[in-house]
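Student: using only what follows, build the 3D model:
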Amino acid sequence: MKAFINSVGLQAPGLEGWQDSAAILRGERPYQFQPLSPYSPAFLPANERRRTTDTIRLGLRSAQDTLGAYLGEMPASIPTLFACVDGDTEISAKMTAAILADEPMVSPIHFHNSVHNAPAGYWMIGQKNRAPSSSISVGEYQLANSFVEAITQLSEGWEALLLVMYDLPIDPIIETYQPDMHAFGVGFLLSLNQNEHTLAELNLQVNQQACPSPSPCKWFGANQSAQVLPLLKGLARGEAGEQICALSPALSLRLHWTPIA
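Tutor: This next block holds a predicted model:
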């Protein structure tokens, strides 16, 4: 399986924006944790903008950073794939607390935002996009399955596809055990054909053997989306490389990237 990476977006503490983060990813500047700056999706109507949550905003800002150079043209027609392991656990926690109250009352806005594809829905509304959109969750197999699903959809005849992967720490009401993790969002504009914007060629190979569960990321802990950092570092440095990641309990995926000069 093969695709081309034409644009990258990155939104995480200390790595805010692909262009500003490239020097850190190349090792030219040390990484320093800095909370993400406030963000408001100006492309959304006011009513929808007020209803967004931290999870929705992380997905939207990652998508916007990825397609910053294309806003106004491509976003209105490009299909999307949003990948988030845990979904909006803040909303899930609020709904759980409301249901357990003596007089259960669930906010309509919380109910509206509780579905896994809410961030994708806000993106499509804001961009007036009627192309297909998918949202997936694959736990520790998130990275591999996100790229497989994205390239599979591309092979159905679309010129390009926007892949966005993002996750926030789990709300403590939902999970008493809190793995050490920080927010991380990343986006890729993928295509089946090379063009003048292409940064790298990406090749996927499925291996008939298991792969160990990923170790926590040094900067972002157990955030599954941050497992893509080796690829990001390779793109920032203009270096070819590869990464093996788990696709299922029995399969692994080899990601190999080659920069395009």
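Student: low-confidence stretches in the stretch 101-250 of the chain?
Tutor: Applying pLDDT under 70 to the stretch 101-250 of the chain picks out residues 104, 111, 173-178.
Student: now the strands for it?
Tutor: Secondary structure of the stretch 101-250 of the chain (DSSP state E, counting those that start in this stretch): strands located at 133-136, 160-167, 184-191, 200-207, 241-246.
Student: in its sheet, what does the shortest one sit against?
Tutor: Strand 133-136 has its sheet partners listed here by DSSP bridges as strand 80-83 (parallel).
Student: C-alpha coordinates for the partner strand, CSV please?
Tutor: Taking Å, rounded to 0.1, in the frame of the first residue of the first chain, the C-alpha atoms of strand 80-83 are listed here in CSV:
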residue,chain,number,x,y,z
THR,A,80,-11.8,12.9,6.1
LEU,A,81,-10.8,10.2,8.6
PHE,A,82,-10.8,11.2,12.3
ALA,A,83,-9.1,8.8,14.7
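Student: pLDDT of the next helix or strand after it, averaged?
Tutor: Going down the chain from strand 80-83, the next helix or strand is helix 89-99, by DSSP states H and E. For helix 89-99, mean pLDDT rounds to 75.
Student: tell me the buried residues in helix 89-99?
Tutor: Of all the residues in helix 89-99, those buried under the rule 16 or more other CB atoms under 10 Å are Thr89, Glu90, Ile91, Ser92, Ala93, Lys94, Met95. C-beta: built from backbone N, CA, C; applies to glycine.
Student: what packs against that helix?
Tutor: Based on contacts counted as 3 or more CB pairs under 8 Å, 6 or more residues apart in numbering; DSSP states H and E, the elements that helix 89-99 packs against are helix 54-66, helix 108-113.
Student: can you pull the contacts of the nearest residue to His197 once chain neighbours are set aside?
Tutor: Nearest residue to His197, sequence neighbours excluded (CB to CB, 6 or more residues apart in numbering): Asn6, at 4.4 Å. Listed by CB atoms under 8 Å, 6 or more residues apart in numbering, the contact set of Asn6 reads Ala160, Leu189, Leu190, Ser191, Asn195, His197, Thr198, Leu199.
Student: do that again at 7 Å, thanks
Tutor: By CB atoms under 7 Å, 6 or more residues apart in numbering, the contact set of Asn6 is Leu189, Ser191, Asn195, His197, Thr198, Leu199.
Student: and for Thr258?
Tutor: Contacts of Thr258 by CB under 7 Å, 6+ apart are Ala200, Glu201, Ala240.
Student: most neighbours among these, please name it.
Tutor: Counting neighbours by other CB atoms under 10 Å, Ala200 leads those with 23 neighbours.
Student: hang on, that residue packs against Gly238?
Tutor: No. Applying CB atoms under 7 Å, one finds Ala200 not in contact with Gly238, separated by 8.7 Å.
Student: what touches both of these two?
Tutor: With CB under 7 Å, 6+ apart, Ala200 and Gly238 have common neighbours Pro259.
Student: just checking, what's the longest strand in the protein?
Tutor: For the chain, the longest strand by residue count, based on DSSP state E, is strand 2-12.
Student: now that one and strand 200-207, what's the angle there?
Tutor: Put simply, strand 2-12 runs at 100 degrees to strand 200-207, going by axes from the mean of the first three to the mean of the last three CA atoms, to 10 degrees.
Student: check which residues of strand 2-12 are buried.
Tutor: By neighbour count on 16+ other CB under 10 Å, the buried set for strand 2-12 is Ala3, Phe4, Ile5, Asn6, Ser7, Val8, Gly9, Leu10, Gln11, Ala12.
Student: paired strands for that strand, with orientation please.
Tutor: Sheet partners by DSSP bridges: for strand 2-12, these are strand 15-16 (antiparallel), strand 184-191 (antiparallel), strand 200-207 (antiparallel).
Student: please produce JSON lines containing those, extended by distance to Ser146.
Tutor: Putting these into JSON lines (distance: least, CB to CB, whole Å) gives the following:
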{"stretch": "strand 15-16", "distance to Ser146": "19"}
{"stretch": "strand 184-191", "distance to Ser146": "9"}
{"stretch": "strand 200-207", "distance to Ser146": "11"}
